[in-house]
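Chemist: Have a look at this prediction, sequence included:
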Amino acid sequence: MTRTIGWSFFLAMSWTWCIGMYLPVLLLRDAGWAGFAVFAIPNVVGAAAMGWMLRDAQQSRELVANHESACIWFSLVTIVFHAFFAAWIIRRIVGPSAGVMVGAAFAIFWLILQWERGGKFLAAVLVLAVSVFAFAWGCARGEIPYVAQPLGFSPTTLSPGGALWLAPACLFGFLLCPYLDLTFHAARQGTTAPQARAAFTAGFCLIFPLMILFSAAYSGPLVLFLARRIYPQLAAIVAVHLIAHSGFVAAAHARQLADRASRITLGRIVIFGAAVAAAVALGVWDRGYSYRGLRLGEIVYRCFLGFYALVFPAYVWLRVVPRRRSGLRLALAVLAAAPMFWLGFVERLGVWLLPGVLIPVAAKWIFTPRPGEPRADLPPAHWPPAGETGT
């Protein structure tokens, strides 16, 4: 039981990153609680489902082995995303010292995660405790909850019905992305089938919803980037939460990558380093430029979302369930759908997200499968129970 609880904490904290900590803020600003629901429901269901869909630890190992390159890129992009988030949002709240603070949090969690037996549980409990403390601190001071509300005169505002156009992208992304997350696979490989189902269900149906509700609670002031000279206490409350989770998530993914260091090529390292530098520069440079009512930083943030709403889920859909040999189908589907995601995410013409999702979904049946193609890496909806032991 203790091990299952520990994994549930780890899973919930490893999934509370710069999407769960900030996308609800934007959706509440643009569409109110309808937008929040469109984000939250598929997020919770999709993450929890992985613990039920992978029937045993061996299937998780095989999936990672067959798609290790995609899993590595998922973690690398996630770390770059957090570098941008720290340079953009966290820096706007705490000032130029944001990088040092996030780096210190990363180092602390990295050291804790080196403890093989219990480091992941200790780190998860620690970051959860920080968030609970920050939330209690804000409530005690009366600073939160302060929920963002759509403004009728804002160019970003969506109608409640307009928020529904986000549903296809949220469903496609949140139902499929978990299968490339190495931290999720670490949990699945460390549990038996009953433990996995309990840990994934508790982590994502009980603990994780509290984290995104905390995001809703501070969404009002964070929309305005929290002027720390005017609201120093509120800025500190939110900053503590953002810094702790950013440091933990980056460290958790880096720890998984360290176990695969021999498979990370020099080319990936060069691309990763250049991407981090570019992400930080874009986050710092967010000064005055706007397009369609969006600041540069928010445009870059929305572009990052494209990896998790289009690129990674398209990979899972086209090459994991079932696995395909050809990457051409994936590349063509992503290239064809990318302009529609730009129209939906940046131009805020949400209706385009539906055909944007349908393109990669339909691409599975565009070509006739070759005889003898490999079996699916994910099981069908029903399968016979299998005995197993945790690792």
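Modeler: On my side now, so go ahead.
Chemist: switch to C-alpha atoms for all contacts and neighbour counts from now on
Modeler: Will do.
Chemist: burial measure for Ala199, as a count.
Modeler: Ala199 has 28 neighbours, counted by other CA atoms under 10 Å.
Chemist: Which SSE is immediately downstream of the helix or strand of the chain with the lowest mean pLDDT?
Modeler: The weakest-scoring helix or strand in the chain, judged by mean pLDDT, DSSP states H and E, is helix 160-163 (a mean of 72). Beyond helix 160-163 on the C-terminal side, the first helix or strand identified by DSSP states H and E is helix 167-176.
Chemist: For stretch 196-213, give me every contacting residue.
Modeler: Stretch 196-213 is contacted from outside by 4-5, 7-13, 15-16, 20-21, 24, 40, 44-45, 47-52, 131, 187-188, using CA atoms under 8 Å, 6 or more residues apart in numbering.
Chemist: 6 Å instead, please
Modeler: For stretch 196-213, the external contacting residues (CA atoms under 6 Å, 6 or more residues apart in numbering) are 4, 7-9, 11-12, 20, 44, 48, 51-52, 188.
Chemist: got it, and stretch 32-43?
Modeler: Against stretch 32-43 from outside (CA under 6 Å, 6+ apart): 24, 27, 149-150, 160, 163, 167, 171, 174.
Chemist: give me the low-pLDDT residue ranges for the stretch 101-250 of the chain?
Modeler: By pLDDT under 70, the weakly predicted segments of the stretch 101-250 of the chain are 151-160, 225-230.
Chemist: how far does the helix or strand hosting Val80 sit from the chain's center?
Modeler: For Val80, the host element (DSSP H and E) is helix 68-85. Per CA atoms, centre = their mean, to the nearest Å, the displacement of helix 68-85 from the mean C-alpha position of its chain is 10 Å.
Chemist: got the CA positions of it in CSV?
Modeler: Provided in CSV are the C-alpha atoms of helix 68-85 (Å, rounded to 0.1, in the frame of the first residue of the first chain):
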residue,chain,number,x,y,z
GLU,A,68,12.9,4.8,-27.3
SER,A,69,13.9,7.6,-29.6
ALA,A,70,10.4,9.1,-29.5
CYS,A,71,10.3,8.8,-25.7
ILE,A,72,13.7,10.5,-25.4
TRP,A,73,12.5,13.4,-27.6
PHE,A,74,9.4,13.7,-25.5
SER,A,75,11.6,14.3,-22.4
LEU,A,76,14.0,16.6,-24.2
VAL,A,77,11.2,18.8,-25.5
THR,A,78,9.6,18.8,-22.1
ILE,A,79,12.8,20.1,-20.5
VAL,A,80,13.2,22.8,-23.2
PHE,A,81,9.5,23.8,-22.6
HIS,A,82,10.3,24.3,-18.9
ALA,A,83,13.4,26.3,-19.7
PHE,A,84,11.2,28.7,-21.8
PHE,A,85,8.5,28.7,-19.0
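Chemist: Perfect, that will be all.
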